[in-house]
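>>> Sequence first, predicted coordinates after that:
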Amino acid sequence: MRNLDGKARVTLADVAAAAGVSKMTASRALRGAGDVSNSNTEKVRQAARKIGYVGNHLASSLSGQRSDLIGVVVPSMANIVFAEVLAGIAEAIEGSGMQPVFGVTDYDLDKEYDVIRNMLSWNPAGLIVTGLDQSDDAKRLLENADIPVVQIMDLDGAPVDVCVGFSHRAAGMAMAEALLEMGRKSIAYIGCGLDTDVRAKKRFEGFAQVLSQAGLNLAATRIGDSPSTVTAGRELTSQVLEEHPELDCIYFSNDDLAAGGAFHCIATGIVVPDTLTLAGFNGLDFIESLPVKIITSRTPRREIGRTAANYIINAIENSMKSEARIVEYTPVIGYGN
């Protein structure tokens, strides 16, 4: 095959000839297979670099061979949480010969199905999917995939294969218990998009359950339709406090909203946390830079990404899917600064 300029395209056979190895050895070396010696791997990689070889993943997928791709499905890239998960995945697969490719679902179940279906059509070596609440059609795709599948960031449900994460319901319950122990009794909740963000909804349900068991109801609940942003948090906090100035605590669905609440309190002279306690979720780094203290649940996002990717790599090296298992983490509650 020739390029548009008439030059012959560099092939795997060219790489093998330049490195002085067989075509099979060259292929395995470029994929990072462990049964190829370090010297041969280095010779193949140098030859490929020197002659400008680029592998044809489409050809591999069409031939039925597994590609060297690991598919990653996340609901959003606007949220730093999933950027950190991807960073952990990238760290784990470095040097393995695998490459991550990701798709964004925008918290839409139909779009998630399409993303998963399209990724599977490329015959990936494994798949990492956020959450356990896919549609029945998407779950069927995962169950029939015949590759390692790791679902991450949630434990409240039944995994298809491997599950790495934490219980959001338990996280909400733990925060409620911590706030009650601090003596807070007039508590409001502020969130965004709970109809699509099922993990935030699970935290809310766990939080409300503990309050109910303690004989308390939420003094106010405000659910915004916009994405969870600092601006939304500030606006919603203003609305809630205007209607309920007696509040001694607000629990936000995440740290972005809680930071917005903090900015409102700073602007209006409300002393945090003495007069009003603000609680969030995720333990994002920027919380430490705020001039007021916000209590939050720190989640091991990067570590979850690393663990998920390592399971897939181990399954590939062992030429088998991982046995169904759950790897559980527990968010740590503390102040951001």
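Sure thing, it's come through.

>>> Point to the helix or strand of this structure where mean pLDDT is at its lowest.
Least confident helix or strand of the chain, by mean pLDDT, DSSP states H and E, is helix 57-62 with a mean of 53.

>>> immediately after that one, which helix or strand?
Remark: after helix 57-62, the chain's next helix or strand is strand 69-74, criterion DSSP states H and E.

>>> ok, that following strand: who's next to it in the sheet?
Strand 69-74 has these partner strands in its sheet, going by DSSP bridges: strand 99-104 (parallel), strand 126-130 (parallel).

>>> and the longest one, which residues are buried?
To tie it back to what came earlier, the one meant is strand 99-104. Buried residues in strand 99-104, counted by 16 or more other CB atoms under 10 Å: Pro100, Phe102, Gly103, Val104. Where you see a C-beta, it was placed from the backbone N, CA and C, and this is true even at glycine.

>>> could you pull out the helices for the stretch 201-337 of the chain?
Secondary structure of the stretch 201-337 of the chain (DSSP state H, counting those that start in this stretch): helices located at 230-243, 255-268, 301-317.

>>> quick check: domain ranges of this protein?
12-55, 69-166+301-330, 168-298 (automatic domain parsing).

>>> re the thing from before, any chance of the helices of the stretch 201-337 of the chain in JSON lines, plus distance to Thr277, mean neighbour count and mean pLDDT?
As requested, the helices of the stretch 201-337 of the chain are arranged in JSON lines below (distance: least, CB to CB, whole Å; neighbours: other CB atoms under 10 Å; pLDDT from 0 to 100):
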{"stretch": "helix 230-243", "distance to Thr277": "13", "mean neighbour count": "19", "mean pLDDT": "97"}
{"stretch": "helix 255-268", "distance to Thr277": "10", "mean neighbour count": "23", "mean pLDDT": "97"}
{"stretch": "helix 301-317", "distance to Thr277": "24", "mean neighbour count": "22", "mean pLDDT": "93"}
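
>>> Make JSON lines out of those and add distance to Leu132.
Formatted as JSON lines, these follow (distance: least, CB to CB, whole Å):
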{"stretch": "helix 230-243", "distance to Leu132": "27"}
{"stretch": "helix 255-268", "distance to Leu132": "23"}
{"stretch": "helix 301-317", "distance to Leu132": "13"}
